[in-house]
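> Fold the following, please.
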Amino acid sequence: MKRPLPLNALQVFDVAASELSFARAAERLFVTHGAVSRQIRSLELALGLPLFERRNRAVFLTPAGTRLHATTRQMFEQLASTVASLHPGAASRTLVVSCEPTLAMRWLIPRLGAFAQAHPDIALHLHSAGGPLDFDSAKVDVAIRRNDFFWGHTLAAEPLADEWIGPVGLPAAFASHEVNALGTRTRPSAWQDWLRAMNASRHEATPGLPCLGTHTNTPPFEHFYLSLQAAGAGLGAAIGSVYMVSDELSAGRLVAPYGFIRDGSGYVALSREPFAANPAKEALLTWLREALVEAASPWIANAQ
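Residues are numbered from 1 along each chain as shown. Now for the predicted structure:
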């Protein structure tokens, strides 16, 4: 029988994966850099595979690390929510929220602490999923989705924010006019959508935009999240949603030299009942709208 994975090592991994830096993880955990490295190494030995790629004093998640991080994020968020609910006077209202995976991992989860501070009486249990959803079988109260599918006529739908997209990557990815355009199977037309939106906004072909050609040096990734991870690892440039890259832009880990533009889609919150009929849902709706605006405004303030 295999021994269970050490919880402490999983927690250290989760923080290091979120920061993509052992040094910043050590600061958050109030331990030494060496302690973080040892915990990560012990976890990798227990699993028998690498979770980080160490290159040029930087660390990047391997595909296995990316998969594990998606689980540990959700696991520790649910653990924190459960522990909080055990205390007297803890949250008396619970909402099960389903959110598209990339938006959840790169935008919503890092802000759940802010929501808990603003609404200590509402506990959020997060599920990561995209596309159509059976609210009854999934036992979900609110779903956050991109409006690129038909959800029927029976659900209450509230708009959250327009989608803004643009190429992102390390500065070296844009050093020449022709970039390595990283694609993804979940948004196969992302580059074409961005180029079309850029040209339409100017009513003529826009000079100086990257030459996409018909070939890239990297096969398309299975998921939007992986293409953004690859851009952060220096493999090229990916089309990013402003919400999903705003934290890395603020930290200087990514650049967006062409800015962001609306692509015609947007995000909505879905519910079986009107949001106004449930105070907790209405509070979540208001907070989501405000938090999305706050994340995007520094990068789209001057956009047309």
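> Centre-most residue in the protein?
In the chain, the residue lying closest to the centroid (Cα atoms, centre = their mean) is Arg106, at 2.1 Å.
> Helix, strand, or coil at that one?
With DSSP: H, G, I helix; E, B strand; the rest coil as the basis, Arg106 sits in helix.
> Name the helix or strand for the nearest residue to it once chain neighbours are set aside, please.
Closest residue to Arg106 apart from its sequence neighbours, by Cβ to Cβ, 6 or more residues apart in numbering: Met244 at 4.1 Å. (Glycine included, C-beta is placed from N, CA and C.) Assigned by DSSP states H and E, Met244 belongs to helix 242-251.
> So what's the gap between that helix and the chain middle?
Helix 242-251 has its C-alpha centroid displaced from the chain centroid by 10 Å (Cα atoms, centre = their mean, to the nearest Å).
> My understanding was that the residue nearest to the centre of the chain contacts Asp247; is that so?
Yes: Arg106 is within contact range of Asp247, at 7.4 Å (criterion: Cβ atoms under 8 Å).
> could you check the angle helix 242-251 makes with the lengthiest strand in the chain?
Taking DSSP state E as the criterion, the chain has its longest strand at strand 156-168. Relative orientation of strand 156-168 and helix 242-251, computed by axes from the mean of the first three to the mean of the last three Cα atoms, to 10 degrees: 50 degrees.
> And Leu249, how far from Ile300?
Remark: distance between Leu249 and Ile300 (Cβ to Cβ, to the nearest Å) = 11 Å.
> Which residues belonging to stretch 278-293 are considered buried?
Asn278, Ala280, Lys281, Ala283, Leu284, Leu285, Trp287, Leu288, Arg289, Ala291, Leu292 (16 or more other Cβ atoms under 10 Å).
> If I look at Glu19, what pLDDT would I see?
The score at Glu19 is 86. That number is its pLDDT.
> what about the nearest residue to Phe135 once chain neighbours are set aside, neighbour count?
In space, Phe135 comes closest to Arg272 once its chain neighbours are excluded; the distance is 5.2 Å by Cβ to Cβ, 6+ apart. Applying other Cβ atoms under 10 Å, we find 14 other residues in the vicinity of Arg272.
> And the strands in this protein, which stretches?
52-55, 58-61, 93-99, 122-128, 142-146, 156-168, 181-182, 237-241, 261-271.
> and stretch 59-71, average pLDDT?
Averaged over stretch 59-71, pLDDT sits at 91.
> and it, C-alpha only, in CSV?
Output in CSV follows, covering the C-alpha atoms of stretch 59-71 (Å, rounded to 0.1, in the frame of the first residue of the first chain):
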residue,chain,number,x,y,z
VAL,A,59,11.2,27.6,-12.0
PHE,A,60,8.3,26.6,-14.3
LEU,A,61,5.6,24.0,-13.8
THR,A,62,6.0,20.8,-15.7
PRO,A,63,2.8,19.3,-17.2
ALA,A,64,2.5,17.1,-14.1
GLY,A,65,3.0,20.1,-11.9
THR,A,66,0.3,22.0,-13.7
ARG,A,67,-2.2,19.1,-13.2
LEU,A,68,-1.3,18.7,-9.5
HIS,A,69,-1.5,22.5,-8.9
ALA,A,70,-5.1,22.6,-10.3
THR,A,71,-6.0,20.0,-7.6
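> how about that stretch: buried residues?
Val59, Phe60, Leu61, Thr62, Gly65, Thr66, Leu68, His69, Ala70.
> Same check on stretch 133-146?
For stretch 133-146, a neighbour-count test (16+ other Cβ under 10 Å) marks Leu133, Phe135, Val140, Asp141, Val142, Ala143, Ile144, Arg145, Arg146 as buried.
> for the last one, what are its contacts?
Spelled out, that is Arg146. Glu100, Leu103, Gly130, Glu163, Ser265, Gly266, Tyr267, Val268 (Cβ atoms under 8 Å, 6 or more residues apart in numbering).
> what's the answer for the third one, then?
Residues near Val140 by Cβ under 8 Å, 6+ apart: Val96, Val97, Ser98, His127, Leu133.
> just to revisit the earlier point, which two in the contacts of Arg146 are spaced the farthest apart?
For those, the farthest-apart pair by Cβ to Cβ is Gly130 and Gly266; their separation is 14.7 Å.
> more crowded one of these two?
It is Gly130, of Gly130 and Gly266, that has more neighbours when counted by other Cβ under 10 Å, with 21 against 16.
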